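J.: what follows is a predicted structure for the sequence shown.
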Amino acid sequence: MPKVTFTDHGGATRVVDGNVGESVMELAMKNGIPGIVAECGGSLSCATCHVFVREDDFAGLPALDEMEDEMLYGTAIDREDCSRLSCQIKLTVDSDLHVSTPETQV
């Protein structure tokens with residue numbers, strides 16, 4: 001079963017089991033994870049689901065597409081090399097991701 005470990009800006013960590021095909025954003029919203037606003041509901045138009053993916057997990061993700069790359073320049077907290085929009089990260093059967101949320105999304 002896929003799982004995601006969420007760490008908020010204050011360092012609190014929560015592990016949540018997900019479903020194959022579900023986005024990290026959907027999983028966060030269903031489980032009340034703080035730090036992910038998701039104003040657009042996953043339509044790739046707001047950048048309020050910005051997360052930092054742990055470096056060793058980042059390499060295993062599909063590459064950013066052009067639209068996600070552009071949206072990451074509009075985040076409230078500056079993007080980093082490991083930045084992704086959680087609405088664009090789909091869980092796979094082998095997912096064991098570790099993501100951190102920024103201090104703010106808006």
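T.: Cool, the structure landed.
J.: now do the helices in this structure.
T.: 24-30, 55-58, 66-71 (DSSP state H).
J.: for His98, which of those helices is the nearest?
T.: helix 55-58 (5.6 Å; Cβ to Cβ). For glycine as for every other residue, the C-beta is placed from the backbone atoms N, C-alpha and C.
J.: residues touching that closest one, excluding its own?
T.: Residues outside helix 55-58 that contact it (Cβ atoms under 8 Å, 6 or more residues apart in numbering): Asp81, Cys82, Arg84, Asp96, Leu97, His98, Val99.
J.: among those, which ones are in strands?
T.: Counting by DSSP state E, the contacts of helix 55-58 place Arg84, Asp96, Leu97, His98, Val99 in strands.
J.: does Leu61 touch Arg54 like I think?
T.: No: judged on Cβ atoms under 8 Å, Leu61 makes no contact with Arg54 at a distance of 10.8 Å.
J.: quick check, central residue of the protein?
T.: Ser86 (2.7 Å; Cα atoms, centre = their mean).
J.: which residues touch that residue?
T.: Listed by Cβ under 8 Å, 6+ apart, the contact set of Ser86 reads Ser23, Val24, Met25, Ala28, Ile36, Ala38, Cys49, His50, Val51, Val99.
J.: do Thr13 as well
T.: Thr5, Phe6, Thr7.
J.: go again with 6 Å.
T.: Contact analysis of Thr13 by Cβ atoms under 6 Å, 6 or more residues apart in numbering lists Thr7.
J.: Gly74 versus that one, what's the distance?
T.: Look at Thr13 and Gly74: by Cβ to Cβ, to the nearest Å, they are 27 Å apart.
J.: any idea how far stretch 84-94 is from the middle of the chain?
T.: Chain-centre distance of stretch 84-94: 7 Å, with Cα atoms, centre = their mean, to the nearest Å.
J.: touching, Ala38 and Met25? I think so.
T.: Yes: contact criterion Cβ atoms under 6 Å: Ala38 and Met25 qualify, at 5.2 Å.
J.: and the two? which has more neighbours close in?
T.: Higher neighbour count among Ala38 and Met25: Met25, with 23 against 19, using other Cβ atoms under 10 Å.
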